[in-house]
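Novice: predicted coordinates and the sequence they were generated for:
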Amino acid sequence: MNSTPRPRGHDLRKGRHSQPEQIYVLTSVTHRRRPVFADFHLGRIVIKAMRHHDLNGNVQTLACVVMPDHFHWLLGLGNGIDLPRLMASIKGYTARRIGERIDLGGEPLWQEGYHDHALRREEDVQAVARYIVANPLRAKLVERVGDYPLWDAVWL
């Protein structure tokens with residue numbers, strides 16, 4: 001019998017279900033919270049990966065922000081992909097592209113797993129979007145949301 005405890009994230013994935021047309025907030029964090037995306041050009045790689053899935057009809061991005069060590073992505077999930085495949089695609093692509101540009105010292109770019117939250121009908125999608133794009137304000141990276149370069153929302 002293996003007495004090594006499993007990471008808590010494993011339990012969070014039990015029963016994970018992707019539902020097309022559902023609105024989700026997805027969050028992923030860099031390994032050891034390394035502030036890779038403090039470099040604007042590296043953060044744009046994450047935005048490009050998100051945009052790719054928009055253009056292919058896999059998702060409809062409603063709002064997103066790429067912070068120095070993580071991202072939040074509010075999206076409507078399409079029919080052609082589930083959450084695990086979507087996140088594997090985003091994390092795999094960005095890890096390869098960023099690994100071509102900087103030395104990650106043999107460590108992964110991303111922490112294992114990700115957080116997802118399916119919005120309930122009573123949740124205000126625009127309020128969630130405002131909360132997401134205000135992350136740089138709360139982190140005191142900027143004084144105005146418009147001064148932060150790595151965010152977007154459909155309500156502009």
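Specialist: Ah, there it is. Numbering: from 1, shown residues only.

Novice: use CA for all of it now, contacts and neighbours both
Specialist: OK.

Novice: which stretches of this structure form helices?
Specialist: Along the chain, the stretches classed as helices by DSSP state H are 8-13, 40-55, 83-101, 125-133, 135-138.

Novice: out of these, flag the one nearest Tyr148.
Specialist: Closest approach to Tyr148 among the helices of the chain (Cα to Cα): helix 135-138, 6.9 Å.

Novice: give me the buried positions along the closest one.
Specialist: Buried positions in helix 135-138, judged by neighbour count with 16 or more other Cα atoms under 10 Å: Asn135, Pro136, Leu137.

Novice: I'd like the average pLDDT over it.
Specialist: Helix 135-138 carries an average pLDDT of 98.

Novice: thinking again about what came up before, using CSV, please lay out the helices of the chain together with distance to Gly113.
Specialist: CSV is the format used below for these (distance: least, Cα to Cα, whole Å):
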stretch, distance to Gly113
helix 8-13, 7
helix 40-55, 16
helix 83-101, 9
helix 125-133, 20
helix 135-138, 21
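
Novice: and those, which one is worst for confidence?
Specialist: Looking at the helices of the chain, the lowest mean pLDDT belongs to helix 8-13 (a mean of 46).
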